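>>> sequence and predicted structure, then a few things I'm wondering about:
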Amino acid sequence: MRSKAERQIASGLRTGWVALATFLGLIALSAALVVAFEHAIGVADDLNREDERQLVRRLLDRTMEGDVSAQLGLLNWNEAVVRVAAAPRNARAMAWVDHEFGAYAWQAFATQQALLVRRDGSVMRGWIRGAPVAESRFQGLRSTVTKLLARSQASGMVLGTPVGQIRADDGSSWPVDRAGMPLPRWAGGLVRMNGQVMIITVGSIVPDHVPDAMLHTPVYFATLRPFDDAQSARMRRDLVLGDLGLTLAAKPAAADNAIALDSVDGTRLGWLHWTARSPGPAIVRSAEPMLWAWTLLFVGVLVGGSVVLRRTWRTTRELLASEAQARHNALHDAMSGLPNRVHYMQRLRQDLAACITGQQRGDVFVGYIDLDGFKVVNDTLGHHVGDELVRQVALRLRRLMAAGDFIARFGGDEFVVLRRAEGGRAMADQLGQQIMAVLREPFVISGNAIDVTCSCGISWGPAQSEDPGELLRRADIALYRAKQRGRARFRRFTRDMDASVKLRLELEMELRRAIARDELSVAYQPIVTAGRGEIVGVEALLRWQHPERGAIRPDLFVPIAEQGGLMIVLGNWMLRRVFAQCRDWPSCDISVNLSPIQIMAGNFLPTMAAIVAETGIDPARIVLEITEGVMLDRSDHVLGVLRELNRMGFRVALDDFGNGYSSLSYLRLFQFERIKIDRSFVSNIESDADANAILCTIAALGHSLRMKVVAEGVENETQRQLVQAAGCELVQGYLFWKPMPAEDMRPLLGRPAGGRLLRLA
Ligand code: C2E
Ligand code: CA
Ligand code: CA
């Protein structure tokens, strides 16, 4: 399924392409239109030129027809037919002809030359300016005249309206009018004479009322007059062609329209030329508004379209960017900029699959990191410091990354590292050490050094699990273990941890029930002098006798109570029970363990006061044991609580010294009544010379700070001697006593066993 944004992007791109195609189409169309328009104008101009040429030619023809029509009176005349026929043999007839044709034509029509021609083209009689001249003067015209006669015969040009034909006595057919009278045939053309262009016409002389006269072969009357400037001027007027002119030379180059003037026998005489009245400019002028409108529309479409296009592309680009941003946001943590859980799981799944299928050698290591006391930093220094701390941690972890490593933030103070490498446990340790090292240096935020540590749990797959979720859970379990072990350390996941996690959940539930059902009890372990083993005090230790599981060790269920929010209830129960049980015991120190959770609780001091009042115990008899871990968090607050406890009369011991943080600086912060050197330390003392030396130093230091030094877990005589030699005056351990129920403890205190009961106060 495509997302909405993706669909929008696709449609945006589509719109963009469509718009672009439309533009290009418009541009092409416009170009085609311009070309077509220009071509149309050209065609119109050409057509117009052709029309003008036709007109000029026709006018020329009409001029000739006009010349012949003017002579209709001569050509359609019975007497003329008769007299012309008689003239060659009859002088009177010839004189009549001279008068009616030669002189008349010159006077009436200014025909410079006139002649009567037989059908075979031979000249019967000729006149120049009305006067008869010898036929030989017209010898040069013979072929022209012959052609004209043939043309008149063939073309069917007649004066009047023919309605039928009659057969002449020479066998040819002759057009006749409605009354059956023959009509004169005619023809016209141009000819050059004496360097002058002349209009020559021929017309047949036919009878006007006695058709029988057609029995005679008709004679033609031919006239010539010059094609002169007067003629051109007339044509100019008639055709409204202002500059029409005649040239006998080649066609003038400037003239944009002309017709050739050819003589009857086909020789070029010259040109009639003029400036054509091209409609093109007029069309262009008339089309101008439309062209402007089109141009404006086109520009508008172009501008509007490009705006739309740009906007479309911009929104598409923005969509693409925001899509990328959304994808980034979906996979990254806003504050640190690191990938988030979703992204991490994708990557883990991928890398794990690659390892399982063998594409990748080795394992995928998962390092689950949690800052120790982050909540305290947030609560006391403010969230902005907490945020900055997260950012700096992210920065340092980034620095740690090797190629192929992947770091994510799961929210809060949880970071998870992914590394692909070979090496199993050794690599897990190396990764753990690297993480510890990079986060060890104090963080400086707004000028203040903040000393936070981190804990880390490491698992690796497919060796430990092929399931990414399970692998992460295992790293988390290992992390939990690291926290349990006193923080500021890393732990590799081991199989037994998993079992303990399941057990933990069950135990948590059962512990709640146990408190309610009073299944818990207190055991007491004597604390004795190192030399003589005299009991000078007891340590109260929680015991849980589970109905099915049997005895459950406190170092298993106390952390469960701490994690499960049961510690306050459990601790108060313990204090109340111990104070009540021991109130009446012969005087001895009674040590009670306090969980950091109890000390940090807001109403710890009032509760303590209430229990004291309730049980009637003398606080001076009580030694409260706290571990170093409690000093790490909110030391100001803790110190305040400790001082108040002192003020109430309690003494405070620093428990498990030598294990974990072991910062000697804590010893200077508060006046502890005693320090208890951790059992693990004592158990090494026989084999480890350094341990012995350190023990001596701690004992000396304790003494110089006016503290008693208690060695825990002394199990044999050698250890006893060594710790005594080192300067520990008190000892607690199986060598002397194991923890025991109150009933067993009480009698031990009653009798002065092995010596006086001393109170080392
Ligand atoms: P812890 O405070 O260090 O208590 C001393 C532990 O050392 C006791 O274990 C004790 O039985 C054991 N121990 C003493 N001598 C020897 C010895 O010679 N060899 C060996 N192997 N162990 C010896 P326990 O009773 O199992 O308690 C374990 C831890 O549980 C305590 O360590 C303490 O941290 C915690 N715990 C016990 N009771 C309470 C309580 O009421 N409140 C709190 N907050 N923690 C408690
Ligand atoms: Ca203790
Ligand atoms: Ca201890």
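Right, received. Where do you want to start? Ligands and ions are numbered 1, 2, ... in the order given.

>>> tell me the domain ranges of the chain?
Per automatic domain parsing, the structural domains of the chain span 71-227, 341-493, 509-749.

>>> now the helix or strand hosting residue 502, how far from the centre of its chain.
For residue 502, the host element (DSSP states H and E) is helix 495-517. Taking C-alpha atoms, centre = their mean, to the nearest Å, the mean C-alpha location of helix 495-517 is offset from the chain mean by 54 Å.

>>> buried stuff in it?
497, 498, 500, 503, 504, 507, 508, 510, 511, 512, 514, 515 (16 or more other C-beta atoms under 10 Å). (C-beta placed from N, C-alpha, C; glycine too.)

>>> swap in stretch 486-497?
486, 487, 488, 489, 490, 491, 492, 493, 494, 497.

>>> I'd say the fourth one and residue 458 touch.
No. Here residue 489 lies out of contact with residue 458, judged by C-beta atoms under 8 Å, at a distance of 11.3 Å.

>>> which stretches of the stretch 351-500 of the chain form helices?
Using DSSP state H, counting those that start in this stretch, the helices of the stretch 351-500 of the chain run over 374-381, 383-400, 424-440, 468-484, 495-517.

>>> quick one: which of these is nearest residue 149?
With C-beta to C-beta as the measure, helix 383-400 is the member of the helices of the stretch 351-500 of the chain nearest residue 149 (117.8 Å).

>>> from the contact counts, what lies against the closest one?
The contact analysis (3 or more C-beta pairs under 8 Å, 6 or more residues apart in numbering; DSSP states H and E) places helix 383-400 against strand 363-371, helix 374-381, strand 406-411, strand 414-421, helix 424-440, strand 443-445.

>>> out of the ones you listed, which gets nearest to residue 322?
The nearest among these, by C-beta to C-beta, is strand 406-411 at 23.1 Å.

>>> got the buried residues for the closest one?
406, 407, 408, 409, 410.

>>> could you pull up the residues touching the residue lying closest to the last one once chain neighbours are set aside?
In space, not counting the residues next to it along the chain, residue 410 is nearest to residue 341; the distance is 4.9 Å by C-beta to C-beta, 6 or more residues apart in numbering. Remark: with contacts taken as C-beta atoms under 8 Å, 6 or more residues apart in numbering, residue 341 is in contact with 408, 410, 411, 416.

>>> wait, what's in contact with residue 301?
residue 26.

>>> can you report how many residues lie near the residue in the stretch 251-400 of the chain that ligand 2 sits nearest to?
The minimum distance from the stretch 251-400 of the chain to ligand 2, using C-beta to the ion, falls at residue 372 (21.7 Å). Residues contacting residue 372 under the criterion other C-beta atoms under 10 Å number 22.

>>> that one and residue 555, how far apart?
20 Å (C-beta to C-beta, to the nearest Å).

>>> again, but for residue 546
15 Å.

>>> who's more crowded, those two?
residue 546 (14 against 9).

>>> the more buried one against residue 514, yeah?
Yes. Look at residue 546 against residue 514 with C-beta under 8 Å: they come within range, at 7.2 Å.

>>> which residues of the stretch 451-600 of the chain lie near ligand 1?
Counting by C-beta under 6 Å from any ligand atom, the positions of the stretch 451-600 of the chain adjacent to ligand 1 are 525, 541, 542, 553, 554, 555, 558, 574, 593, 594, 595.

>>> narrow those residues to those in strands?
525, 541, 542, 593 (DSSP state E).

>>> let's check: the centremost residue of the chain is which one?
residue 320 (2.6 Å; C-alpha atoms, centre = their mean).

>>> now mean pLDDT and distance to ligand 3 too, for the helices of the stretch 351-500 of the chain, in a markdown table please.
Formatted as a markdown table, the helices of the stretch 351-500 of the chain follow (pLDDT from 0 to 100; distance: least, C-beta to the ion, whole Å):
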| stretch | mean pLDDT | distance to ligand 3 |
| --- | --- | --- |
| helix 374-381 | 82 | 24 |
| helix 383-400 | 91 | 32 |
| helix 424-440 | 93 | 25 |
| helix 468-484 | 90 | 15 |
| helix 495-517 | 83 | 21 |
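
>>> buried deepest among the ones you listed, which one?
Stretch with highest mean neighbour count among the helices of the stretch 351-500 of the chain: helix 468-484 (a mean of 22; mean count of other C-beta atoms under 10 Å).

>>> now do that helix: which elements does it pack against?
helix 341-356, strand 363-371, strand 454-461, strand 490-492, helix 495-517.

>>> and the residue of the stretch 151-300 of the chain that's closest to ligand 1?
residue 300 (85.6 Å; C-beta to the nearest ligand atom).

>>> and residue 527, its phi and psi?
Residue 527 adopts backbone torsions of phi -110, psi 130, taken as degrees, to the nearest 10.

>>> excluding residues flanking it in the chain, which one is nearest it?
That would be residue 537: by C-beta to C-beta, 6+ apart, it lies 4.2 Å from residue 527.

>>> measure that neighbour to residue 106 for me?
175 Å.

>>> more crowded one of those two?
residue 537 (24 against 19).

>>> thinking again about what came up before, the residue nearest to residue 527 in helix, strand or coil?
strand (DSSP: H, G, I helix; E, B strand; the rest coil).

>>> do I have it right that it meets residue 588?
Yes. If you go by C-beta under 8 Å, residue 537 and residue 588 touch, sitting 5.2 Å apart.

>>> quick one: name the residues of the stretch 451-600 of the chain near ligand 2.
Counting by C-beta under 5 Å from the ion, the stretch 451-600 of the chain comes close to ligand 2 at residue 593.

>>> what residue in the stretch 451-600 of the chain comes nearest to ligand 2?
Closest point on the stretch 451-600 of the chain to ligand 2, by C-beta to the ion, is residue 593, at 4.6 Å.

>>> ok, now which ones touch that residue?
539, 540, 541, 542, 574, 625, 655.

>>> change it to 10 Å
539-542, 554, 558, 571, 574, 578, 624-627, 653, 655-656 (C-beta atoms under 10 Å, 6 or more residues apart in numbering).

>>> pLDDT below threshold where in the chain?
1-6, 210-216, 632-635, 659-664, 750-761 (pLDDT under 70).

>>> in it, where's the longest helix?
The single longest helix within the chain, with elements called by DSSP state H, is helix 4-70.

>>> give me the next element, helix or strand, following that helix.
Defined by DSSP H and E, the subsequent element after helix 4-70 is helix 72-75.

>>> ok, and what's touching the helix or strand following that following helix?
Along the chain past helix 72-75, the next helix or strand (assigned with DSSP H and E) turns out to be helix 78-86. For helix 78-86, the external contacting residues (C-beta under 10 Å, 6+ apart) are 73-75, 77, 90, 92-97, 100-101, 116, 118, 124-125, 181-182, 204-221.

>>> show me just the buried residues among those.
Among the contacts of helix 78-86, those classed as buried by neighbour count (16+ other C-beta under 10 Å) are 74-75, 77, 93-94, 96-97, 100-101, 116, 118, 124-125, 181-182, 204-208, 211, 213-214, 216, 218-221.

>>> sort out for me which of these are in strands.
Those of those lying in strands (DSSP E): 116, 124, 125, 204, 220, 221.

>>> need the max-distance pair from the residues you listed.
Counting by C-beta to C-beta, the most remote pair of those is 125 and 204, 15.6 Å apart.

>>> picking that back up, ligand 1 is nearest to which of the helices and strands packed on helix 383-400?
Comparing the helices and strands packed on helix 383-400 under C-beta to the nearest ligand atom, the one sitting nearest is helix 374-381, at 19.5 Å.
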